[in-house]
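Q: the following comprises the amino acid sequence and a computationally predicted model.
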Amino acid sequence: MSKGLVTNAAGRRVRKPKLGQHFLRDEQAARRIVEALGDVSQTTVLEIGPGNGALTALLVRRARRLIAIEIDKVLAAQLRMQFATADNIEVIEGDVLSIDFDTIFGPKPGTSRPGLEWKPEPVDLVGNLPYFLTSDILLRLFEYRRYFRQMVIMVQREVAERISAKPGTRDYGLLSATAQLYTKTERLFTLPPGAFNPPPKVHSSVLRLTVAPQLEKLGVQEGPFIDFLKLSFGQKRKTLWNNLKSQYESGVLRAALNATGVQPNIRAEALPLDKTAALFRALASRNGATS
């Protein structure tokens, strides 16, 4: 298996562990994951990290078109051989964090007509995301969300709890807020270590994320609001006031908190997304007025 360095969401280079060491072997679980996608007979499905093809073998018989992205060159070659007779599958050897989805799903030369708006074909995504890169991969997928209709993903149970956590709970944080900004999240079921070969040391949970961005509804600009979420959750144990005061003047911050009914000593994890957006808008309007 390959080793090397990868860039995480914070822009730091970190060493990645060995890949593909835990393969799904529970056939019933594989069927449940694929069935969570619904009818894909007229749909393109993107599979991330197919590994030894437990899901791929089911998907290739159901999907109109299947694209499998596998970073391990040995596994990618084996998948091409295993499904050589299938004409609806394409195996791409590559890292999902560096794949340009525009080249895969974007308009092809000669397919668009002047004066007509091009709309991408909805794609369903499925995959067992590497535990140490789940957040990075999700942020990448959200960036290209225009291509995806839903994502059925398997992640570490503790990460699933963070993704689906509700405001005011211990697990609610930046990952929760970001995932729920772009999708509606559902926890489907959890698998024990014995469902994999070799067994990992953790349980895994399957989630369905239905792409439903709330940026327009919340009245926020994407880039600045994501930066605001990062600032708000910067130090999870600190109050919202202490996290925000490094970027906003005290008077502006106090006025915005008063206007939105947010207590200065509250933590970001206690605020629902719409309340966080209201505070962001209030701060943006007051910053603009004082600049």
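A: Now that the structure is in, tell me what you want to look at.

Q: any weak-confidence spans in the stretch 101-250 of the chain?
A: In the prediction, the stretch 101-250 of the chain carries residues with pLDDT under 70 at positions 109-117.

Q: that one: helices as residue ranges?
A: If you assign secondary structure with DSSP state H, counting those that start in this stretch, the helices in the stretch 101-250 of the chain sit at 101-105, 134-143, 157-163, 174-182, 215-218, 222-232, 240-244, 250-260.

Q: tell me what the last one is packed against?
A: Just to be clear, that refers to helix 250-260. The criterion is 3 or more CB pairs under 8 Å, 6 or more residues apart in numbering; DSSP states H and E, and the helices and strands that helix 250-260 contacts are helix 240-244, helix 273-290. Any C-beta I mention is one placed from the backbone N, CA and C, and that applies to glycine too.

Q: at 7 Å instead, please
A: With contacts defined as 3 or more CB pairs under 7 Å, 6 or more residues apart in numbering; DSSP states H and E, helix 250-260 has these neighbours: helix 273-290.

Q: roughly how far is the helix it packs on from the heart of the chain?
A: A distance of 26 Å separates the C-alpha centroid of helix 273-290 from that of its chain, computed with CA atoms, centre = their mean, to the nearest Å.

Q: got the angle between that helix and helix 250-260?
A: Orientation check (axes from the mean of the first three to the mean of the last three CA atoms, to 10 degrees): helix 273-290 against helix 250-260 gives 140 degrees.

Q: quick one: contacts of helix 273-290?
A: Contacts with helix 273-290, where a contact means CB atoms under 7 Å, 6 or more residues apart in numbering, come from 177, 180-181, 214, 218-220, 225, 228, 232, 248, 252, 255-256, 259-260, 262.

Q: which stretch among the helices of the stretch 101-250 of the chain comes nearest L59?
A: helix 101-105 (16.4 Å; CB to CB).

Q: export only the CA atoms of the closest one, formatted as CSV.
A: Output for helix 101-105, consisting of C-alpha atoms alone and laid out as CSV, is shown next (Å, rounded to 0.1, in the frame of the first residue of the first chain):
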residue,chain,number,x,y,z
PHE,A,101,-15.1,16.9,-11.0
ASP,A,102,-15.7,19.6,-13.7
THR,A,103,-13.8,17.4,-16.1
ILE,A,104,-15.9,14.4,-15.2
PHE,A,105,-19.4,15.9,-14.9
